[in-house]
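*Asks:* Need coordinates for the below:
(one chain, ligands or ions: 2)
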Amino acid sequence: MATITFRGVRGSYPVADPRMAGYGGNTTCVQVDTGRERVYIDAGSGMMPLDAAKDRDMHHVFLTHYHWDHIMGLPYFGPLYAAGQRVTLYGERKPCARENGMAGPRDALLKQLGAPYFPLDVPNIKAKLEERVIAPYEAVPLDGMTMVAMRLRHPQQSLGYVAVFDDGTRAAFVWDHEYGDREIDDTLEQMVRGADVLVMDATYTVPEYDSGRKGWGHCTNVYAATLAARAGVGKLVLTHHDPRHTDGDIDEMVWEAQKIFRNTTGAREGVVMSVRR
Ligand SMILES: [Zn+2]
Ligand SMILES: [Zn+2]
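*Replies:* Ligands and ions are numbered 1, 2, ... in the order given. From the prediction side, this is the model:
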């Protein structure tokens, strides 16, 4: 049975406030385990404590986009510096603002390395590092599962992912997404329909969203619950918590969402969840 480990559940930047410690302060990183290979979705600060695994030597890191909260853990990812490990980075190629050309998933790591920004540089990487540029709706077969990318609506765009496991269960990972584009919303609903687990962006409350946060690329708890109900998913997990929200604030957002879709929880750092029917 596949498991999901929530390693980082915060959006925008890491926080170390004791009032936020219940849900956790690290930015987005989710680990998915099935067979021999290990899969991660995003590489936020939640990825930082990960050393080279003794039991795994293949690591697949799927990036939704390259905003810093989703890549800041990559330079600290232990397996990169261990011989015998293989790390593959997946993501889109995107236009760069200050340099000519484009940036892909490998650049999201390499541009963070080297003087004067980081003590280690490319020669320190001992793993076999590969990149695979992917496009929305492309499927990547892996050991025990297939990952399917989908287009989300976000400043400079992002990808969501649906993991289709060999036992027939499915988990969808949708964050850094804002509703409001009819075509993207309709396709998203089709892609997550009947998923056993939907992990979904719920950065804002409705009053917060309505007071100046339109266009920032995120959803509300109410929208996430409404989508979960409409798409008939098994379980909804709210994530990408706003870095100003305390545990109490998030509890209230979860309760509000439960009135619309009963089987809702808030993503908590360290929690391991089984994907089952
Ligand atoms: Zn983000
Ligand atoms: Zn973002």
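
*Asks:* From the contact counts, what lies against the helix or strand harbouring Gly248?
*Replies:* Assigning secondary structure by DSSP states H and E places Gly248 in helix 247-258. Under the contact criterion of 3 or more Cβ pairs under 8 Å, 6 or more residues apart in numbering; DSSP states H and E, helix 247-258 touches helix 221-231, strand 235-239, strand 264-266. The way it works is simple: take the backbone N, C-alpha and C, and place the C-beta from them, glycine included.

*Asks:* For Met48, which of those is the nearest?
*Replies:* With Cβ to Cβ, the closest approach to Met48 among these belongs to strand 235-239: 17.9 Å.

*Asks:* Any residues of this protein in contact with ligand 1? List them.
*Replies:* Contacts of the chain with ligand 1, taken as Cβ under 5 Å from the ion, map to 11, 69, 176.

*Asks:* Do a quick rundown of the helices in the stretch 1-150 of the chain.
*Replies:* Counting by DSSP state H, counting those that start in this stretch, one finds helices in the stretch 1-150 of the chain at the ranges 105-110.

*Asks:* That one against ligand 2: which residues are in contact?
*Replies:* His67.

*Asks:* can you pull the contacts of the nearest residue to Val9 once chain neighbours are set aside?
*Replies:* Closest residue to Val9 apart from its sequence neighbours, by Cβ to Cβ, 6 or more residues apart in numbering: Ala267 at 4.0 Å. Residues in contact with Ala267 (Cβ atoms under 8 Å, 6 or more residues apart in numbering) are 6, 9, 23, 199, 237-239, 241.

*Asks:* Closest residue of the stretch 151-277 of the chain to ligand 2?
*Replies:* Asp176 (4.0 Å; Cβ to the ion).

*Asks:* Then the chain?
*Replies:* His67 (3.4 Å).

*Asks:* which residues of the stretch 151-277 of the chain score low on pLDDT?
*Replies:* For the stretch 151-277 of the chain, no stretch has pLDDT under 70.

*Asks:* what about the residue nearest to Arg213 when sequence neighbours are not counted, neighbour count?
*Replies:* In this structure, Arg213 finds its nearest non-sequential neighbour in Tyr204, 5.7 Å apart by Cβ to Cβ, 6+ apart. For Tyr204, the tally of surrounding residues (other Cβ atoms under 10 Å) stands at 25.
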